[in-house]
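Peer 1: the following block contains a protein sequence and its predicted model.
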Amino acid sequence: MSENTVIEISNGKINQGKTTVLEEVNVQVDKGQFIYLVGKTGSGKSSLLKTLYGELPLKEGEGQVAGYQLNKLKKKEIPFLRRKLGIVFQDFQLLMDRSVNQNLVFVMKATGWTDKKKMKERIDKVLTQVGLQDKGPSMPHQLSGGEQQRIAIARALINEPELILADEPTGNLDPETSDKIIHLLSDISMNGTAVLMATHDYALMEKYKSKTITCKDGRVEMS
Ligand SMILES: Nc1ncnc2c1ncn2[C@@H]1O[C@H](COP(=O)(O)OP(=O)(O)OP(=O)(O)O)[C@@H](O)[C@H]1O
């Protein structure tokens, strides 16, 4: 695996329970790439993402993500793998009982940050990166859906991940807001973080053309 490779799976097999969802999975993603993950409902997109963040085991084959070997991944290694990743979901998954700043602090404390000054600097930096530098004190319910997703992306960026995995991040957003979110993720990839994004939004894929991984008939194709 070259130094530039963030994801590499060879001849992988992914199961949900006893059912094989994907087999003969061959995927390679390099630093800074922006890649769509598409396929019909139930074709295995979320299962592939879950395998990449250690939620589902890689049943057969070889796999590496951000330097971690998926087929030998031990339970206690999963939090370390996740520190190298940013994960973004369709439903944002912010903690609704605390401010934006406190949401970010929560993740930082859980991943080993202790220096308050450095934490504040990092929070300012990621909020600026997503265009919401003034929203630190806001509660999530005071923000629009698009703003909440930007905060979720800021949270994903906190530990300068090599890779962002996004599972239908625009699934709950209107077309204009979705456009801005994809634009933001595409910008992030240009700064060197690879982005793998599951989506059904073919209009935006047409606008922001990029490499695509397709899940179909239990297989994965790259184009
Ligand atoms: N927790 C689970 N237990 C058993 N089977 C599951 C589980 N989660 C998903 N599956 C099955 O695995 C297959 C792939 O599902 P997956 O969620 O990966 O598809 P997807 O492409 O992400 O779909 P969608 O576009 O609807 O999100 C489906 O047949 C689904 O029913």
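Peer 2: Here it is on my side, so go on.
Peer 1: drop to CA atoms for contacts and neighbour counts, all remaining ones
Peer 2: Noted.
Peer 1: quick check, central residue of the chain?
Peer 2: Central residue of the chain (C-alpha atoms, centre = their mean): Leu165, 1.8 Å from the mean position.
Peer 1: in the lowest-mean-pLDDT helix or strand in the chain, what's buried?
Peer 2: Ranked by mean pLDDT, DSSP states H and E, the weakest helix or strand in the chain is helix 78-83, scoring a mean of 91. Neighbour counts using 16 or more other C-alpha atoms under 10 Å place Leu81, Arg82, Arg83 of helix 78-83 among the buried residues.
Peer 1: what's the closest of those to the ligand?
Peer 2: Nearest to the ligand among these is Arg82, at 19.2 Å by C-alpha to the nearest ligand atom.
Peer 1: mind listing what the nearest residue in space to the closest one that is not next to it in sequence touches?
Peer 2: Spatial nearest neighbour of Arg82, chain neighbours left out: Tyr53 (6.4 Å); criterion: C-alpha to C-alpha, 6 or more residues apart in numbering. Tyr53 makes contact with Ile78, Leu81, Arg82, Leu85 under the criterion C-alpha atoms under 8 Å, 6 or more residues apart in numbering.
Peer 1: farthest residue from the center of this structure?
Peer 2: Distance from the C-alpha centroid of the chain, by C-alpha atoms, centre = their mean, peaks at Lys117 (27.0 Å).
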